[in-house]
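Quick one, structure for this:
(3 chains)
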Amino acid sequence: MAKHSLLEGLNPQQQKAVLHIKGPMLVLAGAGSGKTKVITHRFAYLSSACDVQPSSILAMTFTNKAANEMRERVEELTGKGTRGLWIGTFHSLSSRILRKEIEKLGYGRDFCIYDESDTSSLIRSILKEFRMHEALYKGIASRVSSLKASLVSSEALIANEESYGFDEKLAKVYVRYQEDLKKNNALDFDDLITCTVKLFEEHPTVLKKYQDEFEHIMIDEFQDTNLSQYRLSRLLASRHKNIFVVGDDDQSIYKFRGAEIGNILNFEKDFSKAKVIRLEQNYRSTQNILDAAGSVIEQNESRKSKKLWTDRGRGEKISYCIANNEQEEGGFIAQTIKDLYLKGKYSYGDMTILYRLNQQSRVLEESMRGSGIPYNVVGSISFYRRKEVKDIISYLKVINNPNDSVSLKRIINSPPRGIGKTTLTRLGNEAKKKEKSLFGIMKHVVKGNGYSSSFRDKIKGFTSLMDELIGDKDAELSELINLIYEKTGYLEWAGEEKRGNLMEIISSAEGKAMEDFLDNASLFSAHDEEETKDTVSLMTLHTVKGLESPVVFIAGLEDGLMPHFYSINRDDEIQEERRLFYVGMTRARDILFLSGVKRRKLYASVQDQQPSRFLSEIPSECCCYIEKRPRTGALSKGARVIQMRPRSTSPFATGVRVRHPKWGEGVVRDSYGETDDTKVMVNFPSVGIKRLSLKFANLEKIR
DNA sequence: AAACTAAAGCTTTTT
DNA sequence: GCTTTAGTTT
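Residues are numbered from 1 along each chain as shown, chains lettered A, B, ... in the order given. Model prediction:
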């Protein structure tokens, strides 16, 4: 049989996976084993060689980024567009179904999506009303979320657990939260999945329609599915049973958000006759890195065993360095980055620093700044989470759905119009009494007579403003946002600093439909912003999943940090921490640096730290220890020393822009040697890195 | 409504 | 320790 062109460049296991058509399949895809390739090739193969309509394939991922990548690669492979196809995140695809069907659950089709901060503020207002300690909102929000992820409805919680002190409170808040969401015609992230499950379970004809439609189902990162997502997948797959899941139990690091590693471990039980394929050839890292990571992850019980291998060769040994404190650790990393950069093989964009806690980034950032290394922190504050951006989105949400009281509260006094706390609580009480939404009661106040005229005028100012804007609803979206700026005076109020972001909202809204734009704004995350510049990336171990980098640093490898203090007493949590470390290690293509400190300042106190227990699980032949040079200058035996390079005094210091008669403009990356024999290393965009002797090379300094 | 002070927090966070 | 936010003052 002639080989299909889509199988070219795939190894035998990958081919087998792509060629699997009917029935359930589990692909255990080790880190860097080309799982995206398998999914996209299979998608393309099904639709071009197997007579499967691409529109009858449901392909679900977790992140927008992964979904976009999948779309792009499928387009490349098939040469056809992917518009309208069912490729997307669990959440976006669910909301697409719900936009059509949700009326059957008593919501309106124009429901809005609450993000975490909307959810928090709703829960907080409920706590306030119930006179419960408001500071509990975080814990309650996360417990409500995990109940939903496990498909425990508020009704079910009440029915099953009546007589627990705290749980009673929790249940009370949960019930009310759910009522409020419905009143506001709003769904939170968890609802997007659970409502779809509910829809399918309560409406068999709807379920059947989608079961018929989705002949094939593919799921990426299957180890990260929670119970509700798993149930959704099973419901949809139970007719054709063509469910193809790809994942790696060793990379399951989101248990705290409800991910059920059992979904992947029990797949074969839940889907009888499921075929299993292991992808064990790694195309990313060196054998040293794989061996080290492998022997760490082997310590975990209950995993699907995998042994990654590569034909890339052993590569460099992993380095491990212990610093005295976190400043020194940062200095060591900065110095190593400099050294690697100056050697010319790696640019800043090839290097990534990973850590367990966000707080660790601060000292690391200082070190980067101190050494003049350009860096970016990935996943800090996303554009859509900035205050001014959220405000404008809230205006749009209210224009789109005036009953959305959470969004309304957000904008009712920004810019300030004299509707402060007292007015708001008064309105809230009235609204509750009359069973109206906030906006509804405001309209009532404007019409009615039982209120003082100053109160009424204040409210009227707002409602007529909003009515005007609602009247402009059908304007082009960016035009509508302009009208918001004009009519509310938001732009002037926000000030110069925020102007840039506010303008960016307009340009990102151009030509978009309101609903699409709002959905995107809620379902968008920091991850999706692209990094194009040549900068060192800093991020947490969680954030780095799915990425790779030629050079990787993992900082803070100490017991209490990695594994984290909170997980140190529970073995299943230690195992999750180990997976986290494993994920970090396997991001590295060529070079992996590990570091930790002897004493670390955490919160208010300085603590003595012990090296991470995971380090002892790395075979010594894969790893070598680096010691920082002691103050005396004496070298300890067998130590590889990272030396500080003396600062150059030559006019051609690092970073200076120069012109060469033949190669044109370039940037000095390093200069060294005696004053009369200075050599410089210059990076010319035209020819790359060149070593030059200042005496002979006719270099000209430019600015 | 801005500007201050006090206090409470504090893993990780795909959507 | 440091940041965020709630509460108080002007």
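
tell me which element residue A:172 falls in.
Per DSSP states H and E: residue A:172 is located in helix A:165-183.

Would you mind pulling the contact partners of that helix?
With contact meaning Cβ atoms under 8 Å, 6 or more residues apart in numbering, helix A:165-183 is reached by A:106-107, A:114, A:122-123, A:126-127, A:130, A:132, A:140, A:143-144, A:147, A:153-155, A:157-158, A:161-162, A:187-188, A:191, A:403, A:405, A:437. In short, each C-beta sits where N, CA and C put it, glycine included.

Whichever helix or strand comes after that helix and DNA strand B in contact?
Per DSSP H and E, the first helix or strand lying C-terminal to helix A:165-183 is strand A:186-188. No - residues of strand A:186-188 contacting DNA strand B under Cβ under 7 Å from any atom of the strand: none, with a closest distance of 8.7 Å.

how near is the residue of the stretch 551-700 of chain A found nearest DNA strand C to DNA strand B?
Nearest to DNA strand C, among the residues of the stretch 551-700 of chain A, is residue A:604, at 3.3 Å (Cβ to the nearest atom of the strand). According to Cβ to the nearest atom of the strand, to the nearest Å, residue A:604 stands 6 Å off from DNA strand B.

Likewise for residue A:311?
Residue A:311 is 30 Å from DNA strand B, by Cβ to the nearest atom of the strand.

which residues does the nearest residue to that residue once chain neighbours are set aside contact?
Excluding its sequence neighbours, the residue lying closest to residue A:311 (Cβ to Cβ, 6 or more residues apart in numbering) is residue A:281, at 7.9 Å. Taking Cβ under 8 Å, 6+ apart as the contact definition, residue A:281 lies against A:11, A:13, A:33, A:34, A:308, A:309, A:310, A:311.

Could you rerun that using 10 Å?
A:11, A:12, A:13, A:14, A:30, A:32, A:33, A:34, A:308, A:309, A:310, A:311 (Cβ atoms under 10 Å, 6 or more residues apart in numbering).

Tell me the secondary structure at the last one.
Each residue gets one of three states, and residue A:311 gets coil by DSSP: H, G, I helix; E, B strand; the rest coil.

tally of neighbours for it?
Look at residue A:311: counted by other Cβ atoms under 10 Å, it has 8 neighbours.

where do the strands sit along the stretch 1-150 of chain A?
Under the criterion DSSP state E, counting those that start in this stretch, the stretch 1-150 of chain A contains strands at A:25-29, A:57-61, A:86-89, A:112-114.

List the contacts of the third one.
The one in question is strand A:86-89. With Cβ under 10 Å, 6+ apart as the contact definition, strand A:86-89 has outside contacts at A:40, A:43, A:54-68, A:70-71, A:74, A:93-97, A:192, A:210, A:213-214, A:216-218, A:220, A:523.

If you count neighbours, what's buried in whichever helix or strand residue A:211 is part of?
Residue A:211 is part of helix A:204-213 when elements are defined by DSSP H and E. For helix A:204-213, the neighbour count (16 or more other Cβ atoms under 10 Å) marks A:206, A:207, A:210, A:211 as buried.

pull the CA atoms of that helix into CSV?
What follows is helix A:204-213 as a C-alpha-only set of coordinates in CSV (Å, rounded to 0.1, in the frame of the first residue of the first chain):
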residue,chain,number,x,y,z
PRO,A,204,-31.7,13.4,25.1
THR,A,205,-32.8,14.7,21.7
VAL,A,206,-30.3,17.5,21.9
LEU,A,207,-27.7,15.1,23.0
LYS,A,208,-28.5,12.8,20.1
LYS,A,209,-28.2,15.6,17.7
TYR,A,210,-24.7,16.4,18.8
GLN,A,211,-23.7,12.8,19.1
ASP,A,212,-24.7,12.3,15.5
GLU,A,213,-22.9,15.4,14.5
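
What residues does the stretch 1-150 of chain A have near DNA strand B?
So far as Cβ under 7 Å from any atom of the strand goes, the stretch 1-150 of chain A lies against DNA strand B at A:62, A:63, A:64, A:65, A:89, A:91, A:92, A:116, A:135, A:138.

For residue A:593, see how far away residue A:324 is.
Plainly put, residue A:324 is 17 Å away from residue A:593 if you go by Cβ to Cβ, to the nearest Å.

Between these two, tell me which one has more neighbours.
Set side by side, residue A:324 and residue A:593 show more neighbours around residue A:593, with 22 against 12, by other Cβ under 10 Å.

hang on, that one packs against residue A:353?
Yes - between residue A:593 and residue A:353 a contact is recorded at 9.0 Å, counting by Cβ atoms under 10 Å.

pLDDT at the closest residue to residue A:145 other than its chain neighbours, what is it?
Distance criterion Cβ to Cβ, 6+ apart; nearest residue to residue A:145, sequence neighbours excluded, is residue A:190 at 5.5 Å. With respect to pLDDT, residue A:190 scores 95.

Could you pull up the residues touching residue A:190?
For residue A:190, counting by Cβ under 10 Å, 6+ apart, the contacting residues are A:91, A:119, A:144-151, A:226, A:228, A:258.

Please convert these to TSV, extending it with distance to residue A:659, neighbour count and pLDDT.
Converted to TSV, the contacts of residue A:190 look like this (distance: Cβ to Cβ, whole Å; neighbours: other Cβ atoms under 10 Å; pLDDT from 0 to 100):
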residue	distance to residue A:659	neighbour count	pLDDT
A:91	53	23	95
A:119	57	22	87
A:144	63	23	91
A:145	59	18	91
A:146	61	16	89
A:147	66	20	90
A:148	63	24	93
A:149	60	21	93
A:150	65	15	92
A:151	67	19	93
A:226	59	24	95
A:228	62	26	96
A:258	58	20	91
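
Of those residues, which is the nearest to residue A:431?
Ranked by distance to residue A:431 (Cβ to Cβ), the contacts of residue A:190 are led by residue A:119 at 19.8 Å.

For the residue nearest to the closest one when sequence neighbours are not counted, name its beta-bridge partners.
Spatial nearest neighbour of residue A:119, excluding adjacent residues (Cβ to Cβ, 6+ apart): residue A:188 at 5.1 Å. Beta-bridge partners of residue A:188, counted by DSSP bridges, are residue A:114.
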